[in-house]
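> Sharing a model prediction with you, sequence too.
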Amino acid sequence: MKHTSSKKSTERLSHILSHHKPERVELIPILQEVEEEFGYLPREAMLEAANFTQIPASDVFGIATFYNRFRFTPLGKHPVKACMGTACHMVGGALVLDALERELGVKVGDITHDGEFSLDRVACIGCCFLAPVVVIGEDIHPRVTPFKVEEILAGLKERDAGKTAHKD
Ligand code: FES
């Protein structure tokens, strides 16, 4: 099973590389596409990109880290994104993010031990009138407060537990 999924990953990566030239200037666009495809930058993909662009692997890791916009860990089953655009920031977005970090027990860019939740900050997602906004998976949660964070996460965990019980 693992073999199949890693084969699939290799194919997905080859597909990305196939429409780039093996040149240094292609590195960032390649990394951006890898992140779009996988949700993060897998180590193997970075090594492959280094090989392809003939850039030393240590430089690729350095560049990816420097840009400060890439994720190095997979997304959780529920990817949580706190909007840090100006409108959300002005009405307590940072406090909401603090609450998310506290409740989930992870920092931005990380994933919970059970793989259920990952946490990221995003720039304006275009619904400032609902600020502060948190996006979880496909759902947009409007006017979130630190207090509401606990409620939202508890609701999700409850829903998941219900699904599991239903399966048994
Ligand atoms: S600033 Fe958060 S939705 Fe626009």
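Nice, thanks for sending it over.

> For residue 156, list the residues it contacts.
By C-beta atoms under 8 Å, 6 or more residues apart in numbering, the contact set of residue 156 is 78, 136. For glycine as for every other residue, the C-beta is placed from the backbone atoms N, C-alpha and C.

> Residue 106 now?
Residue 106 neighbours (C-beta under 8 Å, 6+ apart): 112, 117, 118, 119.

> How about the residues of the protein by the ligand?
Within the chain, the positions near the ligand by C-beta under 6 Å from any ligand atom are 83, 85, 86, 87, 88, 124, 125, 127, 128, 131, 133.

> As CSV, the contacts of residue 106 with pLDDT and distance to residue 67 would be great.
Compiled in CSV, the contacts of residue 106 are given as follows (pLDDT from 0 to 100; distance: C-beta to C-beta, whole Å):
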residue, pLDDT, distance to residue 67
112, 94, 25
117, 95, 24
118, 94, 19
119, 95, 19
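
> Out of those, flag the one nearest to the ligand.
Out of these, the one with the shortest distance to the ligand is residue 119. That distance is 16.0 Å, counting by C-beta to the nearest ligand atom.

> Surely the closest one is in a strand?
Yes - under DSSP: H, G, I helix; E, B strand; the rest coil, residue 119 falls within a strand.

> Does it touch residue 105 like I think?
No - counting by C-beta atoms under 8 Å, no contact exists between residue 119 and residue 105, whose distance comes to 9.8 Å.

> So for the two, which sits in the more crowded spot?
Applying other C-beta atoms under 10 Å to residue 119 and residue 105 shows that residue 119 carries more neighbours, namely 25 against 11.

> Before we go further, residue 82 is sitting in a strand, right?
Yes - the assignment for residue 82 (three-state DSSP) places it in a strand.

> OK, contacts around the closest residue to residue 137 other than its chain neighbours?
Beyond its immediate neighbours in the sequence, the residue positioned closest to residue 137 (C-beta to C-beta, 6 or more residues apart in numbering) is residue 78, lying 5.6 Å away. Contacts for residue 78 were tallied using C-beta under 8 Å, 6+ apart; they are 116, 117, 118, 136, 137, 156.

> can you tell me which two in those are farthest apart?
The two members of the contacts of residue 78 with the most space between them (C-beta to C-beta) are 118 and 156, at 13.1 Å.
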